[in-house]
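Q: I would like to see how this sequence folds:
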Amino acid sequence: MIPPDLLPDIEPHTGAVRSATSVGGGDVSRAARLDAERGRFFLKWGRGDAGQTYAAEAEGLAALHAAAEGTGLTVPTPLASRGATEGGAAAEGGAAGFVLLDWIDPARPAPADWRAFGAALAALHRAPAPGDGRYGWDADNWIGSKPQRNGWDASWPAFFGERRLRAQAETVRQRGAWDAAWDPLLDRLVARLPDLLPAAPPPALLHGDLWGGNALATSGGRFALIDPAVSVGHGEADLAMTELFGGFDAPFYDGYREAQPLERGYPERREVYNLYHLINHLTHGPSYRRPVESALRRFGGA
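A: You can find the predicted model right below:
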């Protein structure tokens, strides 16, 4: 089940792997729980585009782990990782990429756990962020199987307009899922962002892909964050995504707002921030076309 070429990189951390049980790894990866000489571990791997994402995932987890110290959040420390390579002896065309983490035992959260999770996320967003007051990240990374464009910008609206909305629209255009008729709407929306978004919100380290599947309730009553697409930005962008697909109980939002009151206008900003993720999902099927067009017309209409 596990590609044999991974074992020399894995077993120095796990000891001898005794068994591997398949678990859900998302849309683009394979994953397994490893029962090994030194305990239980989580391994995710893949080739091709998926295989290129794991080094950036490990970097993001390490950054979140450091920033989350003392917040009440759990972020697994990457034990080992590498990106996929092309060519070589592997039958599928090169060595697989992977990331290895400690295993997290899941649990059913109580309302108090959800409230504490909200407060902990707010604490993460208040923690010192890299970038010297700017927005972005040192290198491009990934959101799912798509590239996420970064770099740094002193203006949050400029960063979000160019490195999030325009860049993601171009990515899905290249994959045949963008409608060229939306270009004027996107142009007007990006031009309006200085009026829609704060110019310089407190820089926060963002998880970046915070849907329900990337927040795990653990047996210790805490929540663990996994599979990030990190950057420095406005903390509301993370909170907005938690509302896009659901899965977060009401006490979570109570806990966040008690710890970090939201500025007036958040419901409108939420729709702008979530447009990035809706554009990202255009390649997942035609059901995302209507919400993308609706948001573009609302904020970029004449």
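Q: Mind giving me the packing neighbours of the lowest-mean-pLDDT helix or strand in the chain?
A: Taking mean pLDDT, DSSP states H and E as the measure, the helices and strands of the chain show their lowest mean at helix 48-51, namely a mean of 77. Taking 3 or more Cβ pairs under 8 Å, 6 or more residues apart in numbering; DSSP states H and E as contact, the helices and strands that helix 48-51 lies on are strand 97-102. Backbone N, C-alpha and C define where each C-beta goes, glycine included.
Q: Give the partner strands of the strand it packs on in its sheet and their orientations.
A: Sheet pairing here is set by DSSP bridges, and for strand 97-102 it gives strand 39-46 (antiparallel), strand 80-82 (antiparallel).
Q: what about the first one, average pLDDT?
A: What that stands for is strand 39-46. The average pLDDT within strand 39-46 is 94.
Q: For residue 70, report the pLDDT, please.
A: Here the pLDDT value assigned to residue 70 is 95.
Q: Now do the contacts for it.
A: Applying Cβ atoms under 8 Å, 6 or more residues apart in numbering to residue 70 gives the contacts residue 123.
Q: element containing it?
A: Element membership of residue 70 [criterion: DSSP states H and E] is none; it lies in no helix or strand.
Q: Where do the strands of the stretch 201-302 of the chain begin and end?
A: Assigned by DSSP state E, counting those that start in this stretch, the strands in the stretch 201-302 of the chain fall at 204-206, 215-217, 223-225, 231-233.
Q: how far out from the middle of the chain is the least confident helix or strand of the chain?
A: Between the mean C-alpha location of helix 48-51 and the chain-wide mean there is a distance of 17 Å, by Cα atoms, centre = their mean, to the nearest Å.
Q: State the next helix or strand along the chain beyond that helix.
A: Counting by DSSP H and E, the element after helix 48-51 in chain order, helix or strand, is helix 54-67.
Q: who touches the spatially most central residue of the chain in this structure?
A: For the chain, the residue whose C-alpha lies nearest the mean C-alpha position (Cα atoms, centre = their mean) is residue 209; its distance is 2.7 Å. Residues in contact with residue 209 (Cβ under 8 Å, 6+ apart) are 143, 144, 227, 228, 229, 241.
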